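In: Give me coordinates for this.
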Amino acid sequence: MLTDIILFAAIAGFIAWRLKSVLGKRIGHEIPPPEIRREPIAQQEKIIHLPGHREEEQEVIAPPSPQELGDPQFAKTVMAMQALDRQFSAKKFLQGARTAFEMVLEALNKTDKKTLRMLVSEEVYQDFSSVMEHQGEEREERTLVSLEDARITEAQLKGTVATLTVSFVSEQIVVVRSRDGTIVRGDPGKIDKVLDQWTFERNLSSSNPNWKLVAA
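Out: Okay, the predicted model is just below:
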């Protein structure tokens, strides 16, 4: 009887991670840009604490709402991930994914390959490196103004390898500069709303807590 109660309580907690899917599009619109402070992102730690970090405390999960029960397959996948790694948390994963999003954009702007290697898979790293090496006399620069939303839109588990796709909605300023820093295309006063779909992957049986960006 006690085992059944524990099992039902666990299932209720797992389903609480059900997140609402979101679709979007890129919309260019001109609005007065806020004051942007290009502060460097702290990179003292070599481990980016995406979900799975063994030292994290278990979060308290509220009972699921009726809306959160609408996708049984999503709930089942999340439950399976939790069974492999009891520290897994969709909420904490998204916190880490938001940090990774900001760090990757910053690393691309600075041609910081060391940071990219830490955050992305080898295939994605090679793609990014190729783009950076062949920009020639001009290079694209993306300034992240704000990260408005981040939501899990897909979850898959193959064996012990988990993949989570995240939809990021952000405001960015996109310009193309020459080698001397002169803007040759784009408007530094124009802020675009941008939708990015990124997929992260991690072997949940591994002691390495980092999730890698495997598709963008």
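
In: Wasn't Gly181 part of a strand?
Out: No. Looking at Gly181 with DSSP: H, G, I helix; E, B strand; the rest coil, it is coil, so not inside a strand.

In: now the strands for the chain?
Out: 27-29, 138-158, 161-178, 183-186, 191-203, 212-215 (DSSP state E).

In: Worst mean pLDDT among those?
Out: Here the lowest mean pLDDT among these goes to strand 27-29, at a mean of 46.

In: Name all residues that make contact with Ser205.
Out: Leu84, Asp85, Thr160 (CB atoms under 8 Å, 6 or more residues apart in numbering). Every residue, glycine included, has its C-beta placed from N, CA and C.

In: Run a quick neighbour tally on the nearest residue to the second one once chain neighbours are set aside.
Out: With CB to CB, 6 or more residues apart in numbering as the measure, Leu204 is the residue that lies nearest to Asp85, at 4.4 Å, once sequence neighbours are left out. When neighbours are defined as other CB atoms under 10 Å, Leu204 has 19 of them.

In: Reformat the strands of the chain into TSV and put distance to Ser121 next to each item.
Out: Below are the strands of the chain laid out as TSV (distance: least, CB to CB, whole Å):
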stretch	distance to Ser121
strand 27-29	30
strand 138-158	15
strand 161-178	11
strand 183-186	29
strand 191-203	7
strand 212-215	5
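
In: Now mean neighbour count and distance to Thr111 too, for those, in CSV please.
Out: CSV is the format used below for the strands of the chain (neighbours: other CB atoms under 10 Å; distance: least, CB to CB, whole Å):
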stretch, mean neighbour count, distance to Thr111
strand 27-29, 10, 26
strand 138-158, 16, 8
strand 161-178, 18, 13
strand 183-186, 12, 18
strand 191-203, 19, 20
strand 212-215, 18, 17
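
In: Does Met103 touch Lys110 like I think?
Out: No. With contact defined as CB atoms under 8 Å, Met103 does not reach Lys110; the gap is 10.5 Å.

In: Of those two, which one has the most company?
Out: Met103 (19 against 12).

In: Flag every buried residue along the longest helix along the chain.
Out: Looking across the chain with DSSP state H, the single longest helix is helix 90-110. For helix 90-110, the neighbour count (16 or more other CB atoms under 10 Å) marks 90, 92-94, 96-101, 103-108 as buried.

In: What is it packed up against?
Out: helix 113-119, strand 138-158, strand 161-178, strand 191-203 (3 or more CB pairs under 8 Å, 6 or more residues apart in numbering; DSSP states H and E).
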